[in-house]
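Peer 1: here is a sequence with its predicted model. Questions after.
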Amino acid sequence: MTVHHEPAHLTANGHREEPTEAPLVVCEGAGRSFGSGRRAVVAVHDASCHIEAGARIALVGPSGSGKSTLLHLVAGLDSPTTGTVTWPGLGHPGRPTVTDVATVFQSGSLVPSLTVLENVALPLLLADRAISDARGAADAALCMLRIDDLAQALPEELSGGQAQRVAVARAVASGPRLILADEPTGKLDHRAATLVVDVLLEAADAVSAALVVSTHDPEIADRLGARWSMDAGRLRIPLGAEA
Ligand code: ADP
Ligand code: MG
């Protein structure tokens, strides 16, 4: 794993620490509610956690327990209504960019009118990378995941498993520090699901990224390192599973 040297930073009580790798993400009492008054839904309640560089975390919990909402907060795609989410280990202030945090969703996230190669290059183009750069990174990601033969295919020509493999290629093409996969195998049969998890783990290893996978499937959760669970908006991190 690459060791990133961070400048010395001050701890909460003001002591200067030896340079260490700061956590990629810190949630402190982070909550997110939707609506207001009696109709308010508290999707995430008072979540506190650290995600360290290189972590492997499964986020398990029943449907509606707040997994997606928490992942959106961690990705900086949404803002907490209480508490804070910060990214001290990213080396710059502010919200993550595509080269910091990449996401893989359950399915249907490819743009139907673009080829596989164009889909994989798209986030890099949106992040203002030069076209030749974006193309090179997309090619490399497709080769790494052994789907370079699909480069010119359209999403409608892909199986569910292939489409998820392309989504993983798109996530790693930017060389992110953290990959968040929200029920990436939810729509796949067991065999295809196993392959997608293989690919996620392999891709995260290859770019030295931390990986968080939300899932209902205990077998998939067992393949990650730590197991965090959500229940009715509350995040539970077992002792010893702090990542
Ligand atoms: P999970 O991913 O575990 O299925 P979610 O994070 O999607 O759970 O949802 C948690 C709760 O928050 C659910 O009750 C859901 O209905 C509610 N919720 C999520 N997003 C919204 C939204 N945009 N507006 C209103 N309620 C929402
Ligand atoms: Mg969800």
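Peer 2: Great, that's in hand. Residues are numbered from 1 along each chain as shown. Ligands and ions are numbered 1, 2, ... in the order given.
Peer 1: check contacts around residue 26.
Peer 2: Neighbouring residues of residue 26 by CB atoms under 8 Å, 6 or more residues apart in numbering: 49-50, 84-88. (Glycine included, C-beta is placed from N, CA and C.)
Peer 1: select only the buried ones of those residues in PyMOL?
Peer 2: Filtering those down to the buried ones (16 or more other CB atoms under 10 Å) takes a single PyMOL command:
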select buried, resi 49+50+85+86+87
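Peer 1: and the contacts of residue 26, which is closest to residue 128?
Peer 2: residue 87 (20.0 Å; CB to CB).
Peer 1: what does the protein put close to ligand 2?
Peer 2: 67-68 (CB under 5 Å from the ion).
Peer 1: going along the chain, name the strands of the chain.
Peer 2: 25-34, 41-51, 56-60, 82-86, 101-104, 178-182, 210-215, 226-231, 234-236 (DSSP state E).
Peer 1: give the residue farthest from the middle of the chain.
Peer 2: residue 38 (32.6 Å; CA atoms, centre = their mean).
Peer 1: at the geometric centre of the chain, which residue sits there?
Peer 2: For the chain, by CA atoms, centre = their mean, the most central residue is residue 180; offset 1.2 Å.
Peer 1: could you tell me how many residues sit around the closest residue to residue 88 other than its chain neighbours?
Peer 2: Spatial nearest neighbour of residue 88, excluding adjacent residues (CB to CB, 6 or more residues apart in numbering): residue 22 at 4.0 Å. For residue 22, the tally of surrounding residues (other CB atoms under 10 Å) stands at 21.
Peer 1: give me the distance between residue 22 and residue 80.
Peer 2: 19 Å (CB to CB, to the nearest Å).
Peer 1: likewise residue 198?
Peer 2: 33 Å.
Peer 1: these two - which one has more neighbours?
Peer 2: residue 80 (19 against 12).
Peer 1: show me what the residue nearest to the more buried one when sequence neighbours are not counted is bridged to.
Peer 2: Sequence neighbours aside, residue 30 is the residue nearest to residue 80 in space, at 4.3 Å (criterion: CB to CB, 6+ apart). Beta bridges link residue 30 to residue 47, judged by DSSP bridges.
Peer 1: circling back: my read: the residue nearest to residue 88 touches residue 89, true?
Peer 2: Yes - at 4.1 Å, residue 22 and residue 89 qualify as touching, with contact defined as CB atoms under 8 Å.
Peer 1: neighbours of residue 234, how many?
Peer 2: Residue 234: 15 neighbours (other CB under 10 Å).
Peer 1: buried set for stretch 45-64?
Peer 2: 45, 47, 49-51, 53-61.
Peer 1: coming back round to it: mean pLDDT added to the strands of the chain, as JSON lines?
Peer 2: Output for these, formatted as JSON lines (pLDDT from 0 to 100):
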{"stretch": "strand 25-34", "mean pLDDT": "97"}
{"stretch": "strand 41-51", "mean pLDDT": "96"}
{"stretch": "strand 56-60", "mean pLDDT": "96"}
{"stretch": "strand 82-86", "mean pLDDT": "97"}
{"stretch": "strand 101-104", "mean pLDDT": "94"}
{"stretch": "strand 178-182", "mean pLDDT": "96"}
{"stretch": "strand 210-215", "mean pLDDT": "96"}
{"stretch": "strand 226-231", "mean pLDDT": "95"}
{"stretch": "strand 234-236", "mean pLDDT": "97"}
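Peer 1: need those strands in TSV (columns: distance to residue 160).
Peer 2: Output for those, formatted as TSV (distance: least, CB to CB, whole Å):
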stretch	distance to residue 160
strand 25-34	29
strand 41-51	27
strand 56-60	21
strand 82-86	32
strand 101-104	13
strand 178-182	15
strand 210-215	16
strand 226-231	25
strand 234-236	29
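Peer 1: out of those strands, nearest to residue 204?
Peer 2: strand 210-215 (4.0 Å).
Peer 1: what count of nearby residues applies to the residue of the chain found nearest ligand 2?
Peer 2: In the chain, the residue that lies nearest ligand 2 is residue 68 (3.2 Å; CB to the ion). By the measure other CB under 10 Å, the count of residues near residue 68 is 21.
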